[in-house]
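1. Quick one: sequence plus predicted model below, questions after.
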Amino acid sequence: MAAAAEERRLATVVESWQGRPVLVVGDAMLDEWRFAESERLCREAPAPVLTLRRRISAAGGAANTAVNVSALGGRGVLVSPVGADAAGDELHDCLDRAGVWDRTVNQTGRPTPVKRRMLAGNQILLREDSGEPDEALDDDGVARLLTALHCATEELRAASHGQPLTLVVCDYGLGALPRALRAWLVANRDRYATVALDAHDLADWRGLNPTVVTPSFAEATRLLARAAAGFGSSGRTPAAAGDVHLDPLAEPTDGPSELVVGAAPGGAGGRSADGFGAVTGPSGEPTPGEDRVALTGDGLSVTGAGVTVNAGAGEGVDRAVLAESRLAELHAHTGADVVAVTLDTEGAVVGGPDGERRRSHSTPVPASHAVGAGDAYLAAMTLALAAEASLPTAAQLAQLAATITVSDTGTCVCRREDLLDALGAGTAETGHSTLVDAEELTALVAEHRRAGRSIVFTNGCFDVLHPGHVRYLTQARALGDVLIVAVNSDGSVRRLKGPDRPVNPVEDRTALLAALACVDHVVVFEADSPAKLIEAVRPDVYVKGGDYPPEMVPEAPLVRRLGGQVRTLGYVPDRSTSAIIDRIRAQSVTPTIGKGTGRPT
C-alpha cells in the first residue's frame, strides 16, 4: 500500500509539470548511429569487414535535452547555432518530430557537430566526431543568437499563461555560448524562476547562480582541483589568494564535446592541504586510462587526469562517498542550490541547500545503451524542480527517467508515458474506443482533465490518408498527452471540396485514423466548421497544417478565447490528397492504344 501511494505521489508530480515552459540554450549536435554486420576479416589488415545495415540519426547534446523536455511533457524551446549543412537539416527534422520549438540559428560556414558511431551488434567499434567548430562565432552570428535568445524568451513567456519560465544551459565547449551570451544570461537571470546548468567547465558559470547543476564525477573533480590550485578564469594564471572562483564571463578554453574526466588545465599545481590537488595537464578528450577511477592507499585517484583526491576515509571509500563528502564545496564553488553529481552506472549523489542529501542507484548497461541518459536525467530533474517538487522526489524521478531509457542502443529519450508506466500510472490503456461521438468525447475529455492530461485537437477531411498526414498527426500528438482528430462528414467534405469528393466514405476515413498509434480519439462533425467541438473540448493546443502563421487560422480567435494556443505544422512537400487524386485520375483516363475503348491501361 505504501509503495502504491508513493508511486501515485510521484505520478502527480509528473502530471503537474505538463506544459512547463523550458528554454534550452547551448551546444546542439547530431548523433548518428550506423549498425553493421561483420562476417570476415579484411585482407589488408586484422580488421573486420563491415556491411552497413541500418542508419539512424537523433538530436544530441543540448538538442537532446530539449527533446527530452518535450517528450516528458514540458514545452521545450531550443536556441543554438546550427550549421547550414546536411547535418543541420537532419537535426531540424529531429527537433520537428519531437515537437521542440526550433529557434536555432543557421550559421553559414560553421558546421553542425556530428558524432557518428559504428556498431556491430551492441558493441560500439568506433566513434567519428566531425564538424566541431575550430573558430569562434563571428560578430554577426553572436548578434543573431542574442536576438534569438531574447525573442525565444519573450515568445515562451507569451505562451506560458503566467507560468514561470525555466532555463537549461548545456555548455559542452563547442562554442555555442560565447562571452556575450553568457553575459546576457547572467544579466537576465531573474527572468527565469528555475535555472539548470550542465557544463564541462562549471567554474565559468559562477555568476549565473543556478538552481541546479548536474556535473559528472569527473567534472566535479576538475572544478575542485582547479579551485584548490587557485587558477584564474582561463586556467593559465593563478587567481588572487583566497579566490577559488573563475570569472563567469571569461572566454572558456576549448573543451571536448564529451568529457569523461578532464585534467586541471594549465600551470603547475600541487597537492592542496585537504588532499585535492592539480598538476600540469591539458584539457581535452581523455587520454588512455583517464576515464578510470582506482582506489589508492590514501584515498581515491583519477588515473591519468592529473587529479588525486585524498578522501581521508581509509579503506572502502568509493566515488559516491567522495562526492557526498565534497557537496558543500561544490555548492560554494558553483553557487547552485542543488548539486547532483552523476556517477554513470552507479547512479547519483544529490545535495540540497540545507544539507539534505539523496543517493540514487542505477543498473549497469552497455555503453551503447547509455548515450544521452544524462540528458534525460537533466530534463526530468529540471522539470521536477520547476514544479516545486522536493529534493528527494526530484532526484528519484530524474534517476528513474535516466534508468528507463537505457534498455536499447541509441540516443536516450524518456517519454512521459514511459515514466508514468514505470510508476504504474500509464495512460495508454483507457478502456474506451478510439471512435467516439460528440457526447462520448465530452465525457472522455472531462476524464482526461481530471487526470491532468493536456488535450491536442485538430480537424480535417483526411480523404486519402498519406505519409504527410501521418507525419503531421505524429507531430501534433507530441504537443500534448491526448490527440483528438475531428473529421468532416461526407456532406461537409462535398460542400468544401466539390461534388466528386470525398473519394473515401467517412467510415473508411475514420477507421484508418483510429488505427494510427498517435491518435487517441476520432470524432465526426457535420458542420463546415469544428467550432462547436472546439468549444466543447476547450483544447490546450489547436493544430492546423499549412505554411501560414497561426494568426491566419480561422479558429484561432476562438481557441485563444478559450485559453488554448494555436500551432501550424508544415506539410510534407508533394504529399497532398489533391495531388494523389490528380495522379490517379490522370492515369485512369489514358486509353489503351488501338482499342479506343477508354478502358484504363
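-> Looks like it arrived, so ask away.
2. can we go C-alpha only for contacts and neighbour counts from here?
-> Will do.
3. Over to the most centrally placed residue in the chain. Which of the three states is it?
-> In the chain, the centroid-proximal residue (CA atoms, centre = their mean) is residue 67; its distance is 2.4 Å. Per DSSP: H, G, I helix; E, B strand; the rest coil, the local secondary structure of residue 67 is helix.
4. hang on, it packs against residue 102?
-> No - counting by CA atoms under 8 Å, residue 102 is not a contact partner of residue 67; they are 10.4 Å apart.
5. any shared contact partners between those two?
-> Residues touching both residue 67 and residue 102 by CA atoms under 8 Å, 6 or more residues apart in numbering: residue 95.
6. What separation is there between residue 106 and residue 383?
-> 28 Å (CA to CA, to the nearest Å).
7. Have a look at those two and say which one is more surrounded.
-> Ranked by neighbour count (other CA atoms under 10 Å), residue 106 and residue 383 place residue 383 first, with 30 against 20.
8. was I right about residue 91 contacting residue 29?
-> Yes - with contact defined as CA under 8 Å, residue 91 and residue 29 form a contacting pair (7.5 Å).
9. Mutual contacts of these two, please.
-> residue 59.
10. And residue 317, what's its pLDDT?
-> The model reports residue 317 with a pLDDT of 49.
11. all strands for the stretch 1-150 of the chain, in order.
-> Secondary structure of the stretch 1-150 of the chain (DSSP state E, counting those that start in this stretch): strands at 21-26, 28-41, 48-61, 75-79, 81-83, 101-102, 105-107, 114-120, 123-130.
12. Would you indicate which residues of the last one are buried?
-> For strand 123-130, the buried set under the neighbour-count rule, 16 or more other CA atoms under 10 Å, comprises residue 124.
13. Run through the neighbouring helices and strands of that strand.
-> Secondary-structure packing of strand 123-130 (3 or more CA pairs under 8 Å, 6 or more residues apart in numbering; DSSP states H and E): strand 114-120.
14. So, low pLDDT: which residues of the stretch 1-150 of the chain?
-> Within the stretch 1-150 of the chain, the segments meeting pLDDT under 70 span 1-5.
15. Now do the buried residues in stretch 163-181.
-> Neighbour counts over stretch 163-181 (16+ other CA under 10 Å) mark 164-181 as buried.
16. I'd like the mean pLDDT over that stretch, please.
-> Averaged across stretch 163-181, the pLDDT comes to 93.
17. How far away from the center of its chain is it?
-> Centroid separation for stretch 163-181 versus its chain: 14 Å, with CA atoms, centre = their mean, to the nearest Å.
18. Could you measure from residue 99 over to residue 412?
-> Going from residue 99 to residue 412 by CA to CA gives 16 Å.
19. Any regions of the stretch 151-300 of the chain where pLDDT drops low?
-> 229-300.
20. All the strands of it, residue numbers only.
-> Applying DSSP E, counting those that start in this stretch to the stretch 151-300 of the chain gives strands spanning 166-171, 194-199, 212-213, 293-296, 299-302.
21. and if you look at the stretch 351-500 of the chain?
-> Taking DSSP E, counting those that start in this stretch as the test, the strands found in the stretch 351-500 of the chain are 357-360, 455-460, 482-488.
22. what's the most buried one of the ones you listed?
-> Neighbour counts (mean count of other CA atoms under 10 Å) averaged over each of the strands of the stretch 351-500 of the chain peak at strand 482-488, with a mean of 24.
23. Send over that one as CSV, restricted to the C-alpha atoms.
-> Extracted as CSV, the C-alpha positions of strand 482-488 are listed here (Å, rounded to 0.1, in the frame of the first residue of the first chain):
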residue,chain,number,x,y,z
VAL,A,482,-4.2,13.2,-25.9
LEU,A,483,-4.8,13.8,-29.6
ILE,A,484,-8.3,14.3,-30.8
VAL,A,485,-9.0,14.2,-34.6
ALA,A,486,-12.2,15.7,-35.8
VAL,A,487,-13.2,14.5,-39.3
ASN,A,488,-15.5,16.2,-41.7
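24. still on that earlier bit, more neighbours: residue 99 and residue 412, which one.
-> More neighbours surround residue 412 than the other of residue 99 and residue 412, with 31 against 25 (other CA under 10 Å).
25. can you pull the contacts of the residue nearest to the centre of the chain?
-> Counting by CA under 8 Å, 6+ apart, residue 67 touches 59, 76, 95, 98, 99, 100, 413.
26. again, only this time at 10 Å
-> Applying CA atoms under 10 Å, 6 or more residues apart in numbering, we find residue 67 in contact with 24, 58-61, 74-78, 94-101, 375-376, 379, 412-415.
27. what residue ranges in the stretch 501-601 of the chain score low on pLDDT?
-> For the stretch 501-601 of the chain (pLDDT under 70), the answer is 547-548, 570-601.
28. all helices of it, in order?
-> For the stretch 501-601 of the chain, applying DSSP state H, counting those that start in this stretch gives helices covering 506-514, 531-537, 556-561, 577-588.
29. For residue 128, name its beta-bridge partners.
-> Judged by DSSP bridges, the bridge partners of residue 128 are residue 116.
30. doesn't residue 119 make contact with it?
-> No - when contacts are counted by CA atoms under 10 Å, residue 128 is not listed as touching residue 119 (11.8 Å).
31. Tell me how far residue 18 lies from residue 163.
-> According to CA to CA, residue 18 and residue 163 sit 11 Å apart.
32. Over to residue 212?
-> For residue 212, the distance to residue 163 (CA to CA) stands at 19 Å.
33. ditto for residue 318
-> From residue 318 over to residue 163 (counting by CA to CA), the distance is 41 Å.
34. How confident was the prediction at the spatially closest residue to residue 410 that is not a sequence neighbour?
-> Beyond its immediate neighbours in the sequence, the residue positioned closest to residue 410 (CA to CA, 6 or more residues apart in numbering) is residue 369, lying 6.1 Å away. Note for residue 369: predicted pLDDT of 76.
35. quick revisit: could I get the strands of the stretch 1-150 of the chain as JSON lines with distance to residue 513?
-> Converted to JSON lines, the strands of the stretch 1-150 of the chain look like this (distance: least, CA to CA, whole Å):
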{"stretch": "strand 21-26", "distance to residue 513": "30"}
{"stretch": "strand 28-41", "distance to residue 513": "32"}
{"stretch": "strand 48-61", "distance to residue 513": "27"}
{"stretch": "strand 75-79", "distance to residue 513": "26"}
{"stretch": "strand 81-83", "distance to residue 513": "35"}
{"stretch": "strand 101-102", "distance to residue 513": "26"}
{"stretch": "strand 105-107", "distance to residue 513": "36"}
{"stretch": "strand 114-120", "distance to residue 513": "36"}
{"stretch": "strand 123-130", "distance to residue 513": "39"}
